[in-house]
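S.K.: starting from these lines, generate the structure:
(one chain, ligands or ions: 1)
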Amino acid sequence: MTDVAELVSRNADFVAEEFLTAPGLTINPTGNMMIVGCVDPRVDPSHVLGLRRGEAAVIRNVGGRITPATLRTMQMLGKVGQAHADGRAEGPWNLVILHHTDCGMLDLAPFDGLLAEYFEVSPDALAAKSVSDPYGSVRVDVDIIRQEVRSSDFLVSGAVYDVSTGTVEVVVPPTAVPVA
Ligand SMILES: [Zn+2]
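M.R.: Reported below is the predicted structural model:
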């Protein structure tokens, strides 16, 4: 078991080896990147995508899904970003939706009520959420972003991480959203 004292010890190493040797970071991600992924400990985007510190904002929830709560979180982060617009890197904003094989979402399939509440839909609309197929669910969630986000400067993509091989496959390449 990992305890808190262990984490504090690792933090001391981080301060000495990384924090003090790197330049200061801004609140805006240096990569103009946001990633939505699953809470599963095997699929931490910082590790499997090699994110550098400060490079991307990462939202993690069950399944890495674009739910109304995810959209509300993104809306709030957008306001924070606007408040610090002068620190924003050049280029379009990139949102990557990262789902994965063997997701715990499969274990939730029998729990219609919980899932309906999570997605804020009626139980009979759950089939359209593709909870048992990550290749389908990234497409579903990219479509939600394309319905909800209006920007001339925003790309959304969908990828699936295979927990048995460690490989990421891009299912939906970076795609523009409708302009406001
Ligand atoms: Zn998962």
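S.K.: the spatially closest residue to A89 that is not a sequence neighbour: neighbouring residues, count only.
M.R.: The shortest distance from A89 to any non-neighbouring residue, by CB to CB, 6 or more residues apart in numbering, is to N32 (5.0 Å). Heads up, the C-betas are built off the backbone N, CA and C, glycines and all. N32 sits with 21 neighbouring residues when counted by other CB atoms under 10 Å.
S.K.: let's number from 42 now, not from 1
M.R.: All right, first residue 42 from here; so that's N73.
S.K.: tell me the spacing between R93 and V212.
M.R.: 24 Å (CB to CB, to the nearest Å).
S.K.: between those two, who's got more neighbours?
M.R.: Neighbour totals were compared for R93 and V212, and V212 leads with 18 against 11 (other CB under 10 Å).
S.K.: hang on, the earlier thing: the residue nearest to A130 against L136, yeah?
M.R.: No. At 9.9 Å, N73 does not count as touching L136 under the criterion of CB atoms under 8 Å.
S.K.: distance of F55 relative to the ion?
M.R.: According to CB to the ion, to the nearest Å, F55 and the ion sit 27 Å apart.
S.K.: interface residues of this protein facing the ion?
M.R.: For the chain, the residues in contact with the ion (CB under 5 Å from the ion) are 79, 81, 144.
S.K.: list buried residues within those.
M.R.: By neighbour count, with 16 or more other CB atoms under 10 Å, the residues of the chain next to the ion hold 79, 81, 144 as buried.
S.K.: got JSON lines for those residues, with distance to R106 and secondary structure too?
M.R.: JSON lines is the format used below for those (distance: CB to CB, whole Å; DSSP: H, G, I helix; E, B strand; the rest coil):
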{"residue": "C79", "distance to R106": "8", "secondary structure": "strand"}
{"residue": "D81", "distance to R106": "13", "secondary structure": "coil"}
{"residue": "C144", "distance to R106": "10", "secondary structure": "coil"}
